[in-house]
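[1] pasting the sequence and the predicted coordinates here, then a few questions.
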Amino acid sequence: MPTTDHLAPIWVRSFRQQGLDPDCAQWLVELWLEAKQPLAEQATQAMQMRLCGVAVKEIQSAFGLKHHATVQRWSETALTRTLAPHLSRLESWIGEIGVGTPVEEVAKGSGVEPRLIETALHGWPPVTRVSAEQQGRAAALWRDGKSLDQVGETLGWSPARIRQLIPEEDLVLEPAHVTPTDLETRLGWSRAQVKAARKQGLNRPGLLGGSRPWKRGWRHGNEEHVGEADCAAVLA
């Protein structure tokens, strides 16, 4: 049975737009993958967030993008690249699930996430809404010193989703000497957002130069500062 009979229509269309027929031989898939440039980190993050049920407009806001179509393009490109090596397994996935094998077991046997299988067969998962109670729990875990990975493991969400749940005024950055890479990694900021923060003052993205400074201890040169800091010069 052709692979396109198993794939959700969105992926059949996306693969063809990117120059690959999903029904082609595996060696052609491998050639297609070899010809592609490495995925941008933001594209992978956008895909993971959509797999977790984050809305496109929410991701757009998180990355400071002007157009939601950019999120769609990034996430679809990342998904097709991630799925391509497994196209030949689609029929077996359908067969195993059809006889009652839990999708988690099917995914484990293939070395992929269950969400990838479900999304390949049915399209993007529906957007999940987060309650105020869940958001509060995420923020409390973060304030207690848990890492993004630990918060995500506790709540069953990805670190990318956790970044969207914790109010930015509650974030505490460590170590005290915060580098641009720290900001990108811990907050999910783009390099452009970091540069803008350094120029205009280190406040929340979208409110640069506003009245709410980030609260943290700072080290600038040989001097240490404790408390509030709203000067981008403290960034290395």
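    Thanks, I have the structure now.
[2] residue ranges for the helices of this structure, please.
    If DSSP state H is used as the criterion, the helices of the chain fall at 9-17, 26-34, 41-51, 56-63, 68-83, 90-98, 103-110, 114-122, 132-143, 148-155, 159-165, 180-187, 191-200.
[3] quick one: low-confidence ranges for the chain?
    In the prediction, the chain carries residues with pLDDT under 70 at positions 1, 130, 158-188, 197-236.
[4] how does it look with 80?
    Along the chain, segments meeting pLDDT under 80 span 1-4, 62, 128-136, 138-153, 155-236.
[5] domain map for it?
    Domain assignment of the chain by automatic domain parsing yields the ranges 3-122, 131-166, 170-236.
[6] give me the phi and psi for the spatially closest residue to Trp32 that is not a sequence neighbour.
    Computed as Cβ to Cβ, 6 or more residues apart in numbering, the closest residue to Trp32 that is not its neighbour in sequence is Leu20, at 4.8 Å. In this view, the C-beta of every residue, glycine as well, is placed from N, C-alpha and C. The phi and psi torsions at Leu20 (degrees, to the nearest 10) take the values phi -130, psi 130.
[7] can you pull the contacts of Leu20?
    Leu28, Val29, Trp32, Thr80, Ala84 (Cβ atoms under 8 Å, 6 or more residues apart in numbering).
[8] okay, now Gln60: neighbour count?
    Using other Cβ atoms under 10 Å, Gln60 is surrounded by 18 other residues.
[9] adjust the sequence numbering to begin at 30 for everything that follows.
    OK, 30 is where the count begins now, so the last one is Gln89.
[10] how near is it to Gln55?
    35 Å (Cβ to Cβ, to the nearest Å).
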